[in-house]
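Enquirer: 3D model of this:
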Amino acid sequence: MLVSLVLLICWPIAELLVAIKIAEAIGVIATIVLLIATWPVGTWALRSQGAAAWRRLTAAVSEGRPPAREAVDGALVLFGGLLLIIPGFITDALGLCLLLPPTRALMRPLLLRNVHSRLFAQAAGFGRGHSYDVDSTASDVDQSQLHS
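Expert: The predicted structure follows:
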């Protein structure tokens with residue numbers, strides 16, 4: 001929770017500082033054009049890379065093999081395209097990294113490991129704060145006692 005809050009506050013500040021530095025280096029107009037130009041590039045990337053990821057996913061399903069890699073690639077392409085649509089140079093750099101197959105291949109094992117561990121933790125009931133009656137100490141309550 002705290003990490004999310006810090007990230008929510010620091011991310012826009014970092015984006016602004018990077019934009020100011022880039023504007024100092026190439027000029028304000030060129031910086032604005034670059035920030036605006038990444039929106040259509042992100043939209044195009046979402047369409048083209050997303051369609052390719054969808055084709056790979058359906059091919060894996062039709063071949064009868066688990067489509068885990070293809071599903072993760074599709075999620076990374078979607079996230080990368082969305083990052084390109086969001087204005088900012090840091091988000092653009094991260095988005096491009098997620099759209100390029102070599103860097104996406106580096107991210108895939110990290111995402112799979114994270115999702116895998118969360119699924120097992122959730123299936124086992126860890127991290128949710130549920131209390132279970134493992135020792136069978138619960139007893140039935142008479143309905144008349146509930147309304148008293």
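Enquirer: how about the nearest residue to residue 22 once chain neighbours are set aside, what does it touch?
Expert: Nearest non-adjacent residue to residue 22, counting by C-beta to C-beta, 6 or more residues apart in numbering: residue 31, 5.2 Å away. Quick note: C-beta positions are derived from backbone N, CA and C, even for glycine. Going by C-beta atoms under 8 Å, 6 or more residues apart in numbering, residue 31 touches 19, 22-23.
Enquirer: any idea which helix or strand carries residue 66?
Expert: In this assignment (DSSP states H and E), residue 66 forms part of neither any helix nor any strand.
Enquirer: and the strands in this structure, which stretches?
Expert: In the chain, no segments count as strands under DSSP state E.
Enquirer: quick check, central residue of the protein?
Expert: residue 79 (5.7 Å; C-alpha atoms, centre = their mean).
Enquirer: so where's the protein shaky on pLDDT?
Expert: Residue ranges of the chain with pLDDT under 70: 115-140, 145-148.
Enquirer: so what's the residue nearest to the centre of the chain up against?
Expert: 95, 98.
Enquirer: look up how far residue 44 lies from it.
Expert: Using C-beta to C-beta, to the nearest Å, residue 79 is found at 16 Å from residue 44.
Enquirer: for this protein, what's the longest helix?
Expert: Looking across the chain with DSSP state H, the single longest helix is helix 28-62.
Enquirer: report the buried residues of that one.
Expert: Residues of helix 28-62 classed as buried: 31, 34-35, 38, 41-42, 45-46, 49-50, 53, 56-57, 60 (neighbour count, 16 or more other C-beta atoms under 10 Å).
Enquirer: out of those residues, who's nearest residue 108?
Expert: Of all the buried residues of helix 28-62, residue 53 has the smallest distance to residue 108: 12.0 Å, by C-beta to C-beta.
Enquirer: distance of that closest one from residue 93?
Expert: Taking C-beta to C-beta, one finds residue 53 at 21 Å from residue 93.
Enquirer: what is the nearest of the buried residues of helix 28-62 to residue 110?
Expert: Distances from residue 110 to these, taken by C-beta to C-beta, are shortest for residue 53, at 17.9 Å.
Enquirer: now the closest one: how far from residue 16?
Expert: Per C-beta to C-beta, residue 53 is found 32 Å from residue 16.
Enquirer: right, I'll leave it there.
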